[in-house]
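J.: Below: sequence and its predicted model.
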Protein chains: 2
Amino acid sequence: MIKVTLIGAGNLATQLGKALKKAGIIINQVYSRTETSAKMLGELLETEWLTDITKLRDDADIYILSVKDSVLCDLISEVCKGREDKLFLHTAGSMPMSCFEGKTQHYGVFYPMQTFSKAKDVNFKTIPVFIEGNSTATEDMIRKFANRLSQRVITLSSADRKYLHLAAVWACNFTNYCYTVASDILGEHGIPFDVMLPLINETTEKLQTLSPKAAQTGPAVRGDKNVMSQQLELMRHNADLQKLYQMLSKGINPMVDNLILDNKED
Amino acid sequence: MIKVTLIGAGNLATQLGKALKKAGIIINQVYSRTETSAKMLGELLETEWLTDITKLRDDADIYILSVKDSVLCDLISEVCKGREDKLFLHTAGSMPMSCFEGKTQHYGVFYPMQTFSKAKDVNFKTIPVFIEGNSTATEDMIRKFANRLSQRVITLSSADRKYLHLAAVWACNFTNYCYTVASDILGEHGIPFDVMLPLINETTEKLQTLSPKAAQTGPAVRGDKNVMSQQLELMRHNADLQKLYQMLSKGINPMVDNLILDNKED
């Protein structure tokens, strides 16, 4: 039986902990800086929880660090010290594997490509997990471990993982901001946001079979300068939104920049 | 039995035609400028098709114009002439109802909030349909007609419909462009786009219960200047993408603008 200790009790750690338990892996201890988080996850996973890092036990096989980027390096030093025979993993998209260098012997990265909330359960089996290990033997161990949780385990270097994380910001965070802008525009005109949901669902449904480039619709890709000029005018009280509209439209169709300028000179 | 003639045989007309037929409404004729489109939709709906607008018959109850904005006005004149006792509708988000003014007596707008493809069927029942009529009596007729197709029929003025269309560009076209950027970034690093699908699906899944503002995650909303500076650096060969990244991040979190600038001065 593999024993795992979770360092961190945030959204990712919570969902990972649940998936580990479901896969029959023992959660040895849960650490968090704050008592509320540590207790909540400890009780959820029915295991020991602690807020004092010096009380960390040595009897786990794998220590998984799932904490903010800014505190990761300091924690790595504390967690690895005296446990150099164990396996250590972090789950951060933008932090390189080299964070562990010189601090321990067996280490790597376990990066699940998903957005996590504590309250909303996810099916871990379908989440692509990107792994990296500091040696072939270590990577094999990480792969075997990851295979118990996910059906899709992919080896990826730290250098490429940064781009994966960047792509995720575009595909998740920036799309969500576009929904916020839509929601604000509708709200100003008394239209509830949920009228957009069939459209939003269909837009992502198309991606299951089409590339986003092939699925592109709308005034920009059609080069419809009348609609674009009209819509820019509707945003006249918000110069930032106008600028974003122009740049996104130009991204969709490089000809658009000239079209909109042409129209202004009409 | 209501008889409808469809003017236009594009994506919207195709899906609308299918929904009309399913609802037991007779499709009288289908007109398109191009023979391929007219024939394809005519045969699909098992009805007469034509490419010569002068051959349009007078025995339909409703004429629905579903054509490009740029040709709508000219077509309205031709279609309405001599048929002023009929009901005329257009389906354009950004064109006002007043296109019909002075050309006929009973008219309005039937705007379904969805993105349509010829090949991909949609469930019309769940699509919000925004209607407008030139009189109370006409609007009642349009509402009764729309209720046969959709469970959600909403009256909306031409002025507000423009904003609805603008919101749809943000929620559908611009989000899709963000997926394209993600796809390009992944492609450059040999990572298949479909690793993003669980994340994309979860992002829209959250919207079914949370407002987009409440669902926002990522480095910008956290004010994580290290990740943002690092990610800007990854896009150093594409100044447009860098600019977009900065503006979208600033939209998510107004503090971000200073954060990124601060970091550059480090």
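T.: That came through, no problem.

J.: domain ranges for chain A?
T.: Domain segmentation of chain A under automatic domain parsing yields A:3-156, A:162-265.

J.: For the ones you listed, please prepare CSV with the additional fields distance to B:T204, mean pLDDT and mean neighbour count.
T.: Heads up, the C-betas are built off the backbone N, CA and C, glycines and all. Output for the domains of chain A, formatted as CSV (distance: least, Cβ to Cβ, whole Å; pLDDT from 0 to 100; neighbours: other Cβ atoms under 10 Å in any protein chain shown):
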stretch, distance to B:T204, mean pLDDT, mean neighbour count
domain A:3-156, 11, 96, 18
domain A:162-265, 5, 93, 19
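
J.: Compare those domains and give me the one nearest B:L166.
T.: Shortest separation from B:L166 across those is recorded for domain A:162-265, at 4.9 Å, computed as Cβ to Cβ.

J.: Please, where are all the helices along the stretch 51-200 of chain A?
T.: Shown for the stretch 51-200 of chain A, the helices assigned by DSSP state H, counting those that start in this stretch span residues A:69-80, A:136-147, A:158-168, A:175-188, A:197-207.

J.: Adding distance to B:L248 as columns, could you present these in a markdown table?
T.: Output for the helices of the stretch 51-200 of chain A, formatted as a markdown table (distance: least, Cβ to Cβ, whole Å):
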| stretch | distance to B:L248 |
| --- | --- |
| helix A:69-80 | 20 |
| helix A:136-147 | 32 |
| helix A:158-168 | 13 |
| helix A:175-188 | 6 |
| helix A:197-207 | 18 |
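
J.: right, so of the domains of chain A, which gets closest to chain B?
T.: Nearest to chain B among the domains of chain A is domain A:162-265 (3.2 Å), distances taken as Cβ to the nearest Cβ.

J.: give the contact list for A:V227.
T.: By Cβ atoms under 8 Å, 6 or more residues apart in numbering or on different chains, A:V227 lies in contact with A:219, B:69, B:94, B:165.

J.: got it, and A:V4?
T.: With Cβ under 8 Å, 6+ apart, A:V4 has these contacts: A:20, A:25-28, A:60-64.

J.: so what's A:K86 up against?
T.: A:58, A:60-63, A:80, A:104, A:106.

J.: switch the cut-off to 7 Å
T.: A:60-63, A:106 (Cβ atoms under 7 Å, 6 or more residues apart in numbering or on different chains).

J.: what's the distance between it and A:V109?
T.: Distance of A:K86 to A:V109, computed by Cβ to Cβ, to the nearest Å: 16 Å.

J.: ok so, going back, okay if I get the contacts of A:K86 as TSV plus distance to chain B?
T.: Compiled in TSV, those are given as follows (distance: Cβ to the nearest Cβ, whole Å):
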residue	distance to chain B
A:A60	28
A:D61	27
A:I62	24
A:Y63	23
A:H106	26
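
J.: Could you dump the residues you listed into JSON lines and include distance to B:M40?
T.: Shown next, in JSON lines, are the contacts of A:K86 (distance: Cβ to Cβ, whole Å):
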{"residue": "A:A60", "distance to B:M40": "64"}
{"residue": "A:D61", "distance to B:M40": "63"}
{"residue": "A:I62", "distance to B:M40": "59"}
{"residue": "A:Y63", "distance to B:M40": "62"}
{"residue": "A:H106", "distance to B:M40": "62"}
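
J.: Just want to check the distance between the nearest residue to A:T155 once chain neighbours are set aside and A:L65.
T.: Closest residue to A:T155 apart from its sequence neighbours, by Cβ to Cβ, 6 or more residues apart in numbering or on different chains: A:I131 at 5.8 Å. Distance, A:I131 to A:L65, by Cβ to Cβ: 15 Å.

J.: Repeat that for A:G8.
T.: Counting by Cβ to Cβ - A:G8 and A:L65 are separated by 6 Å.

J.: Please apply the same query to A:A9.
T.: 12 Å.

J.: Equivalent analysis for A:N123, please.
T.: Distance from A:N123 to A:L65, by Cβ to Cβ: 24 Å.

J.: again with A:D59
T.: Counting by Cβ to Cβ - A:D59 and A:L65 are separated by 18 Å.

J.: same question, A:I185
T.: 41 Å.

J.: Tell me which stretches of chain A form strands.
T.: A:3-7, A:26-31, A:48-50, A:62-65, A:87-90, A:106-112, A:129-133, A:153-155 (DSSP state E).

J.: what's the nearest residue to A:E48 once chain neighbours are set aside in contact with, if anything?
T.: Once flanking residues are discounted, A:E48 sits nearest to A:Q29: 4.8 Å by Cβ to Cβ, 6+ apart. The contact partners of A:Q29, taken as Cβ under 7 Å, 6+ apart, are A:5, A:47-48, A:50, A:56-57.
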